[in-house]
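>>> fold the following, please.
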Amino acid sequence: MTVDLNLEYRESRRHLGKWLWPVEDIWAWKWLNKIGHFDLPIQISKLVSSKDLVIQAGGNCGLYPKQYSKIFNNVVTIEPDSRNFFCLCENVKENNVVKYQKALGDKHGYIKLNTNPRWNETNTGALKIAGGGEIEQITIDSLNLAPSLIHLDIEGFEGFALLGAKDTITKHRPLIVLETNGSGDEYGWPQEKIDELLYAWGYKIIQKWDHDTVYENN
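Residues are numbered from 1 along each chain as shown. This is a model prediction of the structure:
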């Protein structure tokens, strides 16, 4: 199976054990092992009082959901790419993690994933959502969950995912962490627009990391 999917096992100095990973990937692996970033879920969790449920996307090959599984009672992780999802399932066997091979958006539909031209095939964690595919897209609201944390790193589609989580957010007021590195610009979601949306829902920025912003309900 690993040969058919072009996968290999890797060992990390920062994440214990062997990790099943796409052979051609360079940058997702480097980024997720980078100083100041490899333990981002741990840093984020310090800002959350309730450790009952976190919704995390994209799950990639499982480094973030595995870290969250050691902190939260329940983890829901969402990853649309089939190879990444296969790795995630192999790497994360914890019973408190629920995994969905789907994409997040503002409505139900079907999408495809394109290689990010900035990285080509060297970053399998930076795939971009496009229309007209076979991967199911769902909303966070359709999951009918009560998270204390929503952490999204979905390559610029965060704005649409927030629209699809409006009821969940306004009802449960979770801490929200978003990747905010300019990837949303091409989808019409620059960070200024995301900030305005969350401000309107009663949120404010409380912290920024390198490529991530933390929003808390006032």
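>>> got the contact list for stretch 15-25?
Residues outside stretch 15-25 that contact it (Cβ atoms under 8 Å, 6 or more residues apart in numbering): 2, 5-12, 29, 32-33, 38, 61-63, 66, 83-84, 86-87, 90-91, 121-125. To be clear about C-beta, it is placed using only N, CA and C from the backbone, and glycine gets the same treatment.
>>> again, 7 Å this time
2, 6-12, 29, 61, 63, 83, 87, 90-91, 121-124 (Cβ atoms under 7 Å, 6 or more residues apart in numbering).
>>> same check on stretch 5-14?
Residues contacting stretch 5-14 (Cβ under 7 Å, 6+ apart): 2, 18-23, 29, 33, 38, 83, 86-87.
>>> again, but for stretch 133-142
Applying Cβ under 7 Å, 6+ apart, the set of residues contacting stretch 133-142 is 55, 80, 102-113, 161, 164-168.
>>> just the ones of the contacts of stretch 5-14 in helices?
29, 83, 86-87 (DSSP state H).
>>> which of those residues has the largest number of neighbours?
residue 87 (25 neighbours; other Cβ atoms under 10 Å).
>>> now residue 207: phi and psi?
phi -160, psi 150 (degrees, to the nearest 10).
>>> quick check: ChimeraX command selecting the buried ones in the contacts of stretch 15-25.
With 16 or more other Cβ atoms under 10 Å as the criterion, this ChimeraX line picks the buried residues out of the contacts of stretch 15-25:
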select :7,10,29,61,63,83,87,90,91,122,123,124
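>>> mind checking which of the contacts of stretch 15-25 are in helices?
29, 63, 83, 87, 90-91.
>>> wait, which of these is closest to residue 209?
Closest approach between the ones in helices among the contacts of stretch 15-25 and residue 209, by Cβ to Cβ: residue 63, at 15.9 Å.
>>> wouldn't the closest one be in contact with residue 34 here?
No. The criterion here is Cβ atoms under 7 Å, and residue 63 misses it with residue 34 at 11.4 Å.
>>> buried residues in stretch 152-170, which are they?
152-165, 168-169.
>>> kindly apply the preceding question to stretch 133-150 instead.
Here stretch 133-150 shows 133, 135, 137-141, 143, 145, 147-150 as buried, counting by 16+ other Cβ under 10 Å.
>>> likewise stretch 10-28?
Buried residues in stretch 10-28, counted by 16+ other Cβ under 10 Å: 10, 15, 19-22, 25, 28.
>>> check stretch 106-116 too.
106, 111, 113, 116.
>>> returning to that earlier point: report the two of the contacts of stretch 5-14 separated the most.
Between all members of the contacts of stretch 5-14, the farthest pair (by Cβ to Cβ) comes out as 2 and 38, at 23.9 Å.
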